[in-house]
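**Q** Quick one, structure for this:
(one chain, ligands or ions: 1)
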Amino acid sequence: MTQTLLEDKKLLQQQVEDQTQFIHLLLHQLATPLTSLQGSVQLLGEDLNVDQRQEFLDLVQQQVQHLQDLLQSLVALRDLEAGMLARPIAFCLSSLVEEVRSKFHSPLITNHIQALPDVWGDRWQVSQILTNLLSNAIKYSPADSAIEIGATPNSEGFVEVWVRDHGLGIPADAQARLFERFYRVRHHDRANISGTGLGLSLCKLLVENQGGHIGFESVHGEGSRFYFTLLIAQPA
Ligand code: ADP
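**A** Numbers count the residues shown, from 1 in each chain. From the prediction side, this is the model:
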């Protein structure tokens with residue numbers, strides 16, 4: 001077999017392995033909420049008082065919401081992997097940050113972006129990245145904790161956009177795996193916080209779709225700063 005054929009075969013094998021692992025993880029992700037749903041629905045058929053009934057109804061609602069989130073993220077992942085293109089335009093980042101920020105109705109989120117040149121990217125996709133990072137900052141922080149958004153131009157023609165929180169932070173031994181699909185940090189400080197483990201892998205694909213990169217700095221117990229780069233728009 002020629003060298004190229006061997007390489008093609010290896011690549012194909014790797015792709016099949018990746019797909020198999022993805023399906024394995026997906027089945028697990030579907031099985032857990034479905035088992036819980038089944039349990040709650042069964043219990044709802046029993047003789048319960050009003051409070052108990054409400055408790056199980058809330059549980060059902062949570063699990064349905066979880067399945068909806070999962071589905072939405074999977075559709076977005078599929079679209080990106082099927083080559084959903086960015087439709088880049090020049091736009092004002094600070095205005096977009098204001099739009100996204102207002103959806104959260106929280107005075108604790110502040111926008112620190114100062115005079116900045118227009119950036120170049122798919123406005124809707126960038127709004128999804130910001131929404132995901134802000135949702136995580138809120139989810140993994142105490143209720144009264146401040147969250148800051150900022151952007152710093154660098155000398156290489158990029159702007160670094162960042163979201164900083166003062167919440168739970170990320171344990172050092174979990175940091176290398178954070179952008180993996182379905183990866184969730186296992187630690188007692190977030191045992192009661194639900195999620196799909198898809199948000200950051202989606203962010204990574206979306207950022208790379210704009211030609212940028214994503215990263216973070218975090219100290220467990222102190223907070224995190226997630227950042228991604230966007231191109232500065234060239235004057236027409
Ligand atoms: P999810 O939040 O659905 O679990 P993500 O892919 O968005 O999935 O995040 C992966 C993991 O990274 C989370 O389980 C969480 O423990 C950790 N994480 C993400 N963002 C933050 C943050 N701002 N602060 C602390 N931990 C975070």
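**Q** interface residues of this structure facing the ligand?
**A** Counting by C-beta under 6 Å from any ligand atom, the residues of the chain close to the ligand are 136-137, 140, 165, 167-170, 178, 183-185, 190, 195-201, 224. Any C-beta I mention is one placed from the backbone N, CA and C, and that applies to glycine too.
**Q** Let me see the contact set for the residue nearest to Glu222 when sequence neighbours are not counted.
**A** Of all residues not flanking Glu222 in the chain, Gly169 sits nearest, at 5.1 Å (C-beta to C-beta, 6 or more residues apart in numbering). Going by C-beta atoms under 8 Å, 6 or more residues apart in numbering, Gly169 touches 218-224.
**Q** What about these, which are in strands?
**A** 218-219, 223-224 (DSSP state E).
**Q** from those, which is closest to Val60?
**A** Ser224 (32.3 Å; C-beta to C-beta).
**Q** Tell me how many other residues crowd that closest one.
**A** A count of nearby residues for Ser224, using other C-beta atoms under 10 Å, gives 24.
**Q** mind checking how far Trp162 is from the ligand?
**A** 12 Å (C-beta to the nearest ligand atom, to the nearest Å).
**Q** now do Thr152
**A** For Thr152, the distance to the ligand - C-beta to the nearest ligand atom - is 19 Å.
**Q** What of Trp120?
**A** From Trp120 to the ligand the distance is 26 Å (C-beta to the nearest ligand atom).
**Q** Now do the contacts for the spatially closest residue to Val185 that is not a sequence neighbour.
**A** Excluding its sequence neighbours, the residue lying closest to Val185 (C-beta to C-beta, 6+ apart) is Ala174, at 4.5 Å. Ala174 is in contact with 185-187, counting by C-beta under 8 Å, 6+ apart.
**Q** leaving aside the residues next to it on the chain, what's closest to the residue most central in space within the chain?
**A** Nearest to the geometric centre of the chain sits Gly199, at 2.1 Å (C-alpha atoms, centre = their mean). Nearest non-adjacent residue to Gly199, counting by C-beta to C-beta, 6+ apart: Asn132, 4.7 Å away.
**Q** quick one on the thing from earlier: over to the residue nearest to Glu222: give its phi and psi.
**A** phi 70, psi -180 (degrees, to the nearest 10).
**Q** Next: Ile170.
**A** phi -130, psi 120.
**Q** those strands in the protein, which residues are they?
**A** Counting by DSSP E, the strands of the chain are 89-91, 109-111, 119-121, 147-153, 158-165, 214-219, 223-232.
**Q** in this structure, which ranges drop under the pLDDT threshold?
**A** Within the chain, the ranges that satisfy pLDDT under 70 run 1.
**Q** Among the ones in strands among the contacts of Gly169, which one lies nearest to the ligand?
**A** Ser224 (4.4 Å; C-beta to the nearest ligand atom).
**Q** what's across from the closest one in the sheet?
**A** With DSSP bridges as the criterion, Ser224 is bridged to Asp165, Ser218.
**Q** for the residue nearest to the centre of the chain, what are its contacts?
**A** Counting by C-beta under 8 Å, 6+ apart, Gly199 has contacts 73, 132, 135-136.
**Q** Give me the neighbour count for Asn132.
**A** 20.
**Q** I'd say it and Leu200 touch.
**A** Yes. At 7.4 Å, Asn132 counts as touching Leu200 under the criterion of C-beta atoms under 8 Å.
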